[in-house]
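No letters, just coordinates:
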C-alpha cells in the first residue's frame, strides 16, 4: 500500500505572501466534499477546486476550522507532540447510532436476552473475532476448519490454528475481566494468552520489547510504515495508557467509544511487544467497550469487518500519523466498522428469527407429529439447553406415562431428540442442528 502524501504545513501556508490578508476569503472556501467527509490532504489534493481557489487554500481553511474544536488525548508521538481529535457531525451521528445499536436493550430479540439461547450467539461472536483477528495478522486457515477445531476442542495442528485458539481464549478472558481496571500486569496477561506458543522467541510473551529488538510495522515487501517509540519509554507510556483507559485522564469528558478506539490506536502506535500487538490492541478495545456497558459487544466481531478491507484499516493509521496526529481519521474508520458490525449482528439475528418461524411453521403442518410433540420441539428450538424426561413431559402435557414415553421415543427415532441414560431414567435433549433436521424432514 502506498503511504499517503504528507499534507502541507499550516504554519508554512500562513506564512505565504498574502495569506493573512486573504484569511476571510480562505475560510469561505467552498470545496467539493461529498456528505461532509473528513478529508485527508491525500484525497483533497485530487479534487477539482472552484475557479480561483487552490487546494492549499481549501486545506488551510479546513485545518483552521478543525484546530478550533480539537481535543487532546494524553498520547504523544516520538517528538513529544500530543494526538488530538475532532467531533464533526459525522462522528456525532455515529456516536448516536452506536449508543442506540450497541448499548441499549430496547428491541433486542429474545435469542440474545434469553439466558438459555444467548450463549450460542456469544460463542459465534467469539469464534468470528478469534478467526478474523488472527487472519488480519497472517493466520492461514478456513473458517470451517477453525470452527471445527474450536467446537471439538482438539489441539491446534498449525501456528495459524494456535493463533486462533489463543484469540478465542483471549476474548473469553476479556469478558471475564471487563469490570477490572486496566493495569500493566493485565495487559501483559492478555499478551501472553494472545501469543502463547506462536512466538519464535517464547520469552517475548508478556514483556516489553527490548531496545536491541528492531521492531517496525511494514508490509510484505518490506516498506516501513511505522517505527514505534523507543523501548526505554514503554514503561511510562504503558502507565499513561492505563490511566487513560481507566478514565483517570484527561480532565475533560471523552466519549466511551472514542476512548475505546483511542486505546486501540494507542497500543498499536506504541507497539510495546515483539509480536501480537494488533491482536492485543483489538482485545483492549473490546475490554473498554464492555467496561463502558456496551454489552452487545459480547456478540459483535469488528475484525470480521476489518479483514474484508485491511488496506482501509492500515490507511486510517497512516492518515492519523501523516496529518499531525489527528486521530479523527482512525476514529471515523473504526466507528463505521462498529456500525457495520452492529448492523450485521441485527441482520444475522433477523435471519435466524425468520428461520425459526419457518421451522415452527413446518412443525405445525407436520402430519406425523402430535400437538404435544410439536409443542416440545418448539420449546427445544427456543431453549436448546433443556433436558426432557418422560415424567416431565407427562406432567406438562397431562397425559399417561406410556403416551409421554411414546412421544419422546418417536422424536428420538425421527432424529429430533438425542437420548441417553441418567441412572435408571432416560433423558432427552435437542441436537445442535435441530432446526436443520426439522427443515430437511419437512421437505421430504
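Everything's here; your move. Quick caveat: nothing in here was measured; it's all calculated off a predicted structure. Numbering: from 1, shown residues only.

Show the contacting residues for the nearest residue to residue 201 once chain neighbours are set aside.
Nearest non-adjacent residue to residue 201, counting by Cβ to Cβ, 6 or more residues apart in numbering: residue 274, 6.8 Å away. All C-beta atoms are positioned from the backbone trio N, CA, C, and that covers glycine. For residue 274, the contacting residues are 199, 201, 204, 209, 213, 215, by Cβ atoms under 8 Å, 6 or more residues apart in numbering.

burial of the first one, as a residue count?
In this case it means residue 199. Residue neighbour count, defined by other Cβ atoms under 10 Å, stands at 16 for residue 199.

Residue 224 - how many residues pack around it?
For residue 224, the count of nearby residues is 10 (other Cβ under 10 Å).

Kindly apply the preceding question to residue 93 instead.
When neighbours are counted by other Cβ under 10 Å, residue 93 registers 13.

quick one: pLDDT of it?
According to the prediction, residue 93 has pLDDT 92.

Next: residue 208.
Note on residue 208: pLDDT of 98.

Let me see the ranges of the strands in the stretch 1-150 of the chain.
Applying DSSP state E, counting those that start in this stretch to the stretch 1-150 of the chain gives strands spanning 71-76, 82-85.

What mean pLDDT does the last one get?
So that's strand 82-85. For strand 82-85, the per-residue pLDDT averages 98.

Point out where this protein drops to low pLDDT.
By pLDDT under 70, the low-scoring segments of the chain are 17, 19-35, 103-117, 119-120, 442-444.

Which member of the contacts of residue 274 is positioned nearest residue 16?
Among those, residue 215 lies closest to residue 16 (Cβ to Cβ), at 39.6 Å.

so residue 130 makes contact with residue 167?
Yes - using Cβ atoms under 8 Å, residue 130 is in contact with residue 167, at 3.7 Å.

Please identify which of the two sits among more neighbours.
Shown here are residue 130 and residue 167; by other Cβ under 10 Å, residue 167 has more neighbours (30 against 27).

what sits against the more buried one?
Counting by Cβ under 8 Å, 6+ apart, residue 167 touches 129, 130, 131, 133, 134, 194, 279.

Next: residue 235.
Contacts of residue 235 by Cβ under 8 Å, 6+ apart are residue 208.

Give me the angle between the host helix or strand of it and strand 71-76.
Taking DSSP states H and E as the definition, residue 235 sits inside helix 234-245. Helix 234-245 runs at 150 degrees relative to strand 71-76, counting by axes from the mean of the first three to the mean of the last three Cα atoms, to 10 degrees.

in helix 234-245, what's buried?
For helix 234-245, the neighbour count (16 or more other Cβ atoms under 10 Å) marks 234, 237, 238, 240, 241, 242, 244, 245 as buried.

again with stretch 180-191
So for stretch 180-191, counting by 16+ other Cβ under 10 Å, buried means 182, 186, 187, 188, 190, 191.

In this structure the fourth one contacts residue 194, no?
No - proximity of residue 188 to residue 194 does not meet the contact threshold set by Cβ under 8 Å, at 10.6 Å.

Off-centre distance for the strand or helix carrying residue 186?
For residue 186, the host element (DSSP H and E) is helix 184-195. Remark: helix 184-195 is offset 18 Å from the chain centroid, using Cα atoms, centre = their mean, to the nearest Å.

now stretch 416-425
Relative to the chain's own centre, stretch 416-425 is displaced by 40 Å; criterion: Cα atoms, centre = their mean.

Stretch 212-227 too?
Distance, stretch centre to chain centre, for stretch 212-227: 25 Å (Cα atoms, centre = their mean).

May I have the distance across it, first residue to last?
Separation of the first and last residues of stretch 212-227 by Cα to Cα, to the nearest Å is 14 Å.

in it, what counts as buried?
Result for stretch 212-227 [16+ other Cβ under 10 Å]: buried residues 215, 217, 226.

Next step: the residues you listed restricted to strands.
217, 226 (DSSP state E).

Save the buried residues of stretch 212-227 as JSON lines, and put in distance to residue 61 too.
Below are the buried residues of stretch 212-227 laid out as JSON lines (distance: Cβ to Cβ, whole Å):
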{"residue": "215", "distance to residue 61": "39"}
{"residue": "217", "distance to residue 61": "32"}
{"residue": "226", "distance to residue 61": "29"}
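
Of the buried residues of stretch 212-227, just say which sits nearest to residue 434.
Looking at those and their distance to residue 434, the nearest is residue 217, at 46.8 Å (Cβ to Cβ).

how near is that closest one to residue 322?
Residue 217 sits 14 Å away from residue 322, going by Cβ to Cβ, to the nearest Å.

same deal with residue 304?
Using Cβ to Cβ, residue 304 is found at 28 Å from residue 322.

tell me what the helix holding residue 186 is packed against?
The contact analysis (3 or more Cβ pairs under 8 Å, 6 or more residues apart in numbering; DSSP states H and E) places helix 184-195 against helix 159-176, helix 234-245, helix 277-291.

Let's have those in CSV, adding distance to residue 340.
Formatted as CSV, those follow (distance: least, Cβ to Cβ, whole Å):
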stretch, distance to residue 340
helix 159-176, 19
helix 234-245, 25
helix 277-291, 15
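
Thought residue 171 was touching residue 193, still the case?
No - using Cβ under 8 Å, residue 193 makes no contact with residue 171, being 9.5 Å away.

Backbone torsions only: list them for the residue nearest the centre of the chain.
Centrality entry for the chain: nearest residue to the mean C-alpha point is residue 302, 2.6 Å, by Cα atoms, centre = their mean. In terms of degrees, to the nearest 10, the main-chain angles of residue 302 are phi -80, psi -30.

contacting residues for it?
129, 282, 285, 334, 337, 338, 341.

Helices - which of these land there?
Counting by DSSP state H, the part of these found in helices is 129, 282, 285, 334, 337, 338, 341.

my read: the second one touches residue 303, true?
Looking back up the chat, that one is residue 282. Yes - under the criterion of Cβ under 8 Å, residue 282 makes contact with residue 303 at 6.3 Å.

Mind listing the shared neighbours of those two?
129, 133.

sorry, back to before: do you know how far the residue nearest to the centre of the chain is from residue 334?
Counting by Cβ to Cβ, the gap from residue 302 to residue 334 is 8 Å.

again, but for residue 299
According to Cβ to Cβ, residue 299 and residue 334 sit 18 Å apart.

do residue 356 as well
Distance, residue 356 to residue 334, by Cβ to Cβ: 33 Å.
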